[in-house]
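Colleague: I would like to see how this sequence folds:
(chains A and B)
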Protein chains: 2
Amino acid sequence: MYGLMGSLKAAEGRRPELIQLLLAESGDMPGCLSYVVAEDPADELTVWVTEVWKDAAAHKASLQLPGVKAVIARARPLIANFGEYRETRPVGGHGLAD
Amino acid sequence: MYGLMGSLKAAEGRRPELIQLLLAESGDMPGCLSYVVAEDPADELTVWVTEVWKDAAAHKASLQLPGVKAVIARARPLIANFGEYRETRPVGGHGLAD
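Modeller: Residues are numbered from 1 along each chain as shown, chains lettered A, B, ... in the order given. Below you'll find the predicted structure:
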């Protein structure tokens, strides 16, 4: 499996909108086993995204899905900057969808 | 929802065993919506754990489950030190079990 965890900072006042966008396509990405969007309770602009994919190729392919491309284009102006970006190698657990 | 993401460093050579322990009870914790254990591809001793719970109380209660207490006791000698520990407030996504 292939994992990602990262943070991004919304433009002032735009976090709720950014989160809605990030969630919009999250149920419909082939090879995506988990995709969780979270608010940072310590910073009102920061969003955390943790992802588990079947493999890195599935993640890469998702970036070419029309729905995902549309979300990225709409999300861009809502993002002030990117924070952490970490790849992981998930090995198992609970809550991994098919 | 209540989220946690954290890292821990295994004692030399003990990461595989530590991961097996962390996974052992992960399917059987009430209120746990996601629990993913991952290797850090950049460091052969580091393990990442990301968790989503119904609420903070469900997480706290899990630490009192006999199976979880047993895992913690067995895992302790396999852990060299704890790294990051971050609370999040998950708002939605894909792969959140009931």
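Colleague: could you export the helix or strand that contains residue A:91 as PDB, CA atoms only?
Modeller: Assigned by DSSP states H and E, residue A:91 belongs to strand A:79-94. Extracted C-alpha coordinates of strand A:79-94, given in PDB (Å, rounded to 0.1, in the frame of the first residue of the first chain):
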ATOM      1  CA  ILE A  79      -5.000  27.300  -0.400                       C
ATOM      2  CA  ALA A  80      -2.600  29.800   1.100                       C
ATOM      3  CA  ASN A  81       0.300  27.300   1.200                       C
ATOM      4  CA  PHE A  82       1.200  23.600   1.600                       C
ATOM      5  CA  GLY A  83       2.700  22.400   4.900                       C
ATOM      6  CA  GLU A  84       3.900  18.800   5.600                       C
ATOM      7  CA  TYR A  85       4.000  16.200   3.000                       C
ATOM      8  CA  ARG A  86       5.000  12.700   4.000                       C
ATOM      9  CA  GLU A  87       4.800   9.400   2.200                       C
ATOM     10  CA  THR A  88       4.200   6.200   4.200                       C
ATOM     11  CA  ARG A  89       4.000   2.500   3.500                       C
ATOM     12  CA  PRO A  90       0.800   1.400   5.300                       C
ATOM     13  CA  VAL A  91       0.800  -2.300   6.200                       C
ATOM     14  CA  GLY A  92      -2.600  -2.800   7.700                       C
ATOM     15  CA  GLY A  93      -5.200  -1.800  10.200                       C
ATOM     16  CA  HIS A  94      -8.900  -1.000  10.400                       C
END
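Colleague: helices or strands up against that strand?
Modeller: strand A:2-10, helix B:15-24, strand B:32-39 (3 or more Cβ pairs under 8 Å, 6 or more residues apart in numbering or on different chains; DSSP states H and E). Any C-beta I mention is one placed from the backbone N, CA and C, and that applies to glycine too.
Colleague: quick one: is the last one near chain A?
Modeller: Yes - judged by Cβ under 8 Å from any Cβ of the partner chain, strand B:32-39 comes into contact with chain A through B:32, B:33, B:34, B:35, B:36, B:37, B:38, B:39.
Colleague: adding distance to residue A:58 and mean neighbour count, write the helices and strands packed on strand A:79-94 out as CSV.
Modeller: Listed next are the helices and strands packed on strand A:79-94 as CSV, based on distance: least, Cβ to Cβ, whole Å; neighbours: other Cβ atoms under 10 Å in any protein chain shown:
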stretch, distance to residue A:58, mean neighbour count
strand A:2-10, 7, 20
helix B:15-24, 22, 18
strand B:32-39, 16, 24
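Colleague: with distance to residue A:79 and pLDDT as extra columns, can I get the residues of strand B:32-39 next to chain A in TSV?
Modeller: Converted to TSV, the residues of strand B:32-39 next to chain A look like this (distance: Cβ to Cβ, whole Å; pLDDT from 0 to 100):
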residue	distance to residue A:79	pLDDT
B:32	31	97
B:33	26	97
B:34	24	97
B:35	29	97
B:36	25	97
B:37	29	98
B:38	25	98
B:39	29	98
